[in-house]
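# take a look and give me a structure for this.
(2 chains)
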Amino acid sequence: MKWAVIVFPGSNCDHDCYYILKDVLGQDVCYKWHKDTSLSGIDCVVLPGGFSYGDYLRCGAIARFSPIMNEVIKFANNGGRVIGICNGFQILLEAGLLPGAMLRNESLRFICRNVYLRIENSKTVFTKGTQTGQILRMPIAHAEGNYFADNDTLNKLHENNQIVFRYCTPEGVVVPDANPNGAIDSIAGICNENGNVLGIMPHPERVTEQILGGVDGRLIFESIINRQ
Amino acid sequence: MKKVKVFVTLKEGILDPQGLTTKHALESINYEGIEDVRVGKYLELKFSKDISEEKLNQMCEQVLSNPVIEDYRIEIA
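Modelled structure (predicted):
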């Protein structure tokens, strides 16, 4: 499987994604610079975390108009798999590949800590290797992760099973206390209607080796790989 | 040269924690009667030639604001 990690000015999780795909999971992976204009031969695109364009204007607002994004949008619309992590999720929202928007964390603070996620939909290509109700532990690191969608959009997300991850307690209970940023319905990750585009606020690429504190993040990448 | 001012604010009904915190700060030093504070963005654009209002609106909807969560207002100087 051939992966592309997109690099925007200000991306800072691009190397982590590249490393775990290549060295931990043995995948064929390349970087694509924001000015690149081709994704030919690519099976899965990763939009990594970071602060693309310094988060100027709004998170992801400028990155969304970089040349490579035209290709990412075409790629996604043709059914190509795209995973956006943290800032990558924000870029997907700005690009309109996923519905809704990110607001500042309710606390107004940048939050960097481990959270627990409950798998709400294990049928997506990104969660095939998990089970609905399974609890994963992953770190978050963001100031704008307070997911928002209007009522119509939210209803549609529920109806189509597009809510993939929700923040929960270590026991898997979704309660306001376990919601780190105020996200509506405790949403931590969603997919598009066709199920080929995923946005996730926590960082699965940071928990793929026991020495770094956990391996739960591996399940996401392995789900994508094993589907091939 | 034409100058255009753009004000971007969170839509009505969307929680603005920054505005709320600012309101609390004002109240904590005894400013009374504040019903609501909303924090927004202000952008100033200068053009070397005339620009249609339609183009300006397009600019605001496509780039300068996120219509999912924000409203904007244009003032042409």
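
# could you dump the lowest-mean-pLDDT helix or strand in chain A to PDB, C-alpha only?
Taking mean pLDDT, DSSP states H and E as the measure, chain A has helix A:218-227 as its least confident helix or strand, at a mean of 93. In PDB, the C-alpha atoms belonging to helix A:218-227 read as follows (Å, rounded to 0.1, in the frame of the first residue of the first chain):
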ATOM      1  CA  ARG A 218      -1.900   1.200  15.600                       C
ATOM      2  CA  LEU A 219      -5.400  -0.200  15.300                       C
ATOM      3  CA  ILE A 220      -6.400   2.700  13.100                       C
ATOM      4  CA  PHE A 221      -3.500   2.400  10.600                       C
ATOM      5  CA  GLU A 222      -3.700  -1.400  10.700                       C
ATOM      6  CA  SER A 223      -7.400  -1.300   9.900                       C
ATOM      7  CA  ILE A 224      -6.600   0.700   6.800                       C
ATOM      8  CA  ILE A 225      -3.700  -1.600   5.800                       C
ATOM      9  CA  ASN A 226      -5.500  -4.900   6.400                       C
ATOM     10  CA  ARG A 227      -8.500  -3.800   4.300                       C
END
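
# hey, where'd the helices end up in chain A?
For chain A, helices defined by DSSP state H occupy the ranges A:14-19, A:67-77, A:87-94, A:151-159, A:218-227.

# quick revisit: ok, and what's touching the least confident helix or strand of chain A?
A:1, A:20-21, A:24-25, A:27, A:44, A:81, A:83, A:124-130, A:136, A:200, A:204-205, A:207-208 (C-beta atoms under 8 Å, 6 or more residues apart in numbering or on different chains). For glycine as for every other residue, the C-beta is placed from the backbone atoms N, C-alpha and C.

# buried subset of the residues you listed, written for PyMOL?
When burial is assessed using 16 or more other C-beta atoms under 10 Å in any protein chain shown, the buried subset of those is captured in PyMOL by this command:
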select buried, chain A and resi 1+20+21+25+27+44+81+83+124+125+126+127+128+129+130+136+200+204+205+207+208
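
# out of the contacts of helix A:218-227, list just those in strands.
With strands taken from DSSP state E, the overlap with the contacts of helix A:218-227 comprises A:44, A:81, A:83, A:136, A:200.

# now, among the residues you listed, which is nearest to chain B?
Proximity of the ones in strands among the contacts of helix A:218-227 to chain B, judged by C-beta to the nearest C-beta, is greatest for A:Ile200, which lies at 18.8 Å.

# the closest one contacts A:Ile83, correct?
Yes - counting by C-beta atoms under 8 Å, A:Ile200 touches A:Ile83, with 7.2 Å between them.

# following the chain past the top helix by length along chain B, name the next helix or strand.
Of all the segments of type helix in chain B, defined by DSSP H, the longest one is helix B:17-28. The element immediately downstream of helix B:17-28 (helix or strand, assigned by DSSP states H and E) is strand B:41-47.

# which other helices and strands does the next helix-or-strand element following that next one contact?
From strand B:41-47 onward toward the C-terminus, using DSSP H and E, the following helix or strand is helix B:53-59. Using 3 or more C-beta pairs under 8 Å, 6 or more residues apart in numbering or on different chains; DSSP states H and E as the contact criterion, the neighbours of helix B:53-59 among helices and strands are strand B:70-76.

# neighbouring contacts of the strand it packs on?
Outside of strand B:70-76, the residues within contact range by C-beta under 8 Å, 6+ apart are B:2-12, B:53, B:56-57, B:60-61, B:64-65.

# next: stretch A:64-83.
Applying C-beta under 8 Å, 6+ apart, the set of residues contacting stretch A:64-83 is A:6, A:8, A:32-39, A:42-47, A:63, A:91-92, A:94-95, A:97, A:125-126, A:192, A:194, A:196-200, A:220, A:224, B:63.

# now the buried members of the residues you listed.
Using 16+ other C-beta under 10 Å as the burial test, the contacts of stretch A:64-83 include A:6, A:8, A:32, A:34, A:36, A:39, A:42-47, A:63, A:91-92, A:94-95, A:97, A:125-126, A:192, A:196-200, A:220, A:224 as buried.

# who in chain A is up against chain B?
With C-beta under 8 Å from any C-beta of the partner chain as the criterion, chain A comes near chain B at residues A:57-58, A:61, A:65, A:93-94, A:100-101, A:103-108, A:148-150, A:182.
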